[in-house]
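1. next input, structure requested:
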Amino acid sequence: MPKDNRGRVTKAPVVPENGAHRILSLAHTGFITATATLVFGTITANTATTVTVTVPGAQLGDGVIATPNGNPAAHCVWSAFVSAQDTVSVKLANPNGANQVSTDRSWQIVILKL
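-> Just a heads-up that it's a prediction; the model follows:
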């Protein structure tokens, strides 16, 4: 596999030959992890609520994975991103026509240092 001058993989091979699946690999320099209990409250129909988490070392442009310990709210989806130095924003969106009451959950936040 091709590597950059720091020994990081820069491109992964395509597997299998039938083209049904492809593997993507990104060069990265490490991970930062944090755990926090996030409280979103009631998510009004067709809106989203954003909660921030302090994650020391997070920088704009880093990749973020946010995983709740259980379903935070029925029919809702979430996304996460670094919104400022040392700050991750987790957005819980309700695309439905009815309000959804979220459950306070412990979330695992993983920062991928790119």
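2. got the contact list for the closest residue to residue 98 other than its chain neighbours?
-> Nearest residue to residue 98, sequence neighbours excluded (C-beta to C-beta, 6 or more residues apart in numbering): residue 45, at 5.5 Å. Quick note: C-beta positions are derived from backbone N, CA and C, even for glycine. By C-beta atoms under 8 Å, 6 or more residues apart in numbering, the residues touching residue 45 are 94, 96, 97, 98, 99.
3. and the strands in this protein, which stretches?
-> With DSSP state E, the ranges of strands along the chain come out as 30-38, 42-43, 47-54, 63-68, 77-84, 87-94, 100-101, 105-113.
4. buried set for the first one?
-> It stands for strand 30-38. 32, 34, 36, 38 (16 or more other C-beta atoms under 10 Å).
5. circling back: now the strands of the chain in a markdown table, with mean pLDDT?
-> Formatted as a markdown table, the strands of the chain follow (pLDDT from 0 to 100):
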| stretch | mean pLDDT |
| --- | --- |
| strand 30-38 | 94 |
| strand 42-43 | 97 |
| strand 47-54 | 97 |
| strand 63-68 | 96 |
| strand 77-84 | 98 |
| strand 87-94 | 98 |
| strand 100-101 | 96 |
| strand 105-113 | 95 |
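6. pick the most buried one from the ones you listed.
-> Greatest average neighbour count among the strands of the chain goes to strand 87-94 (a mean of 20), per mean count of other C-beta atoms under 10 Å.
7. residue nearest the centroid of this structure?
-> The geometric centre of the chain, computed from its C-alpha atoms, lies nearest to residue 65 (C-alpha atoms, centre = their mean), at 2.5 Å.
8. excluding chain neighbours, give the residue nearest to that residue in space.
-> Nearest one to residue 65, counting by C-beta to C-beta, 6+ apart, is residue 110 at 4.4 Å.
9. got a list of what the one you found touches?
-> 31, 32, 33, 64, 65, 66, 67.
10. between all of the residues you listed, which two are separated the most?
-> 32 and 67 (14.5 Å; C-beta to C-beta).
11. can you check the pLDDT for the residue lying closest to residue 106 once chain neighbours are set aside?
-> With C-beta to C-beta, 6+ apart as the criterion, residue 106 has its nearest non-adjacent residue at 4.4 Å, and that residue is residue 69. Note on residue 69: pLDDT of 96.
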